[in-house]
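> Could you look at this predicted model? Sequence included:
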Amino acid sequence: MPSVELKKILDRQHPKDYVVAFLNKNNDNFKQAISLIQTSEQPYAWRAAWILCHATKKQDKRILPYLLDIIKAIPNKKDGHQRELLKVVMKMEPLNEEAEGYFFDVCTNLWEDVNKQPAVRYYSGCYMLTMATKYPEIKNELEVLFGDYYTQSLSPGIKRIFERKLAKLNS
């Protein structure tokens, strides 16, 4: 359960460094934020996810015990919250096999929802293409998933990024 102090901090605008320092001050603050990001208690859950993304490093060991729970929470969140959780999980790459499978499925489902915010689809697509590098046998499936139907709602710049990544996979 998040503390009143954490909610107060997340309830107002504070400099990012101040909130990151609070989160990193002790393990209890960090655990409360982890607990909060998995809830639907807005606006705190989204804000906690955003600040957690800034407060963690690549392969942050504090996230590892909660990683699978975070991944499983993503589908039930709104777009902006999903985007921040995707970014947190992507910092933990490489994932273990179980987490990798769940996360790939989550990303694929988000990618296929053409009504999702482009940023959510961008991070999902990036992860899917990363997995195609690791598992070339899924490359053919991704060529279909990155076709016109799924990319028409993206900006021309994002489309080009994915086109280049796909071309690199095929070379």
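Everything's here; your move.
> Show me where the chain has its helices.
Along the chain, counting by DSSP state H, helices occupy 4-11, 16-25, 27-37, 44-55, 67-73, 79-90, 97-112, 118-134, 139-145, 148-151, 156-170.
> want to throw those into TSV with mean pLDDT?
TSV is the format used below for those (pLDDT from 0 to 100):
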stretch	mean pLDDT
helix 4-11	84
helix 16-25	88
helix 27-37	92
helix 44-55	92
helix 67-73	96
helix 79-90	96
helix 97-112	96
helix 118-134	95
helix 139-145	88
helix 148-151	93
helix 156-170	91
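> Distance to residue 61 and mean neighbour count for those helices - can I get that in TSV?
(Glycine included, C-beta is placed from N, CA and C.) As requested, these are exported to TSV (distance: least, CB to CB, whole Å; neighbours: other CB atoms under 10 Å):
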stretch	distance to residue 61	mean neighbour count
helix 4-11	21	15
helix 16-25	13	15
helix 27-37	11	19
helix 44-55	13	22
helix 67-73	11	18
helix 79-90	14	23
helix 97-112	14	18
helix 118-134	21	20
helix 139-145	31	13
helix 148-151	35	14
helix 156-170	30	13
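> Can you give me the domain assignment for the chain?
What automatic domain parsing lists as the domains of the chain is 1-55, 62-171.
> I'd like the distance between the residue nearest to the spatial centre of the chain and residue 126.
Centroid-nearest residue in the chain, with CA atoms, centre = their mean: residue 86, separated by 0.5 Å. Separation of residue 86 from residue 126 (CB to CB, to the nearest Å): 9 Å.
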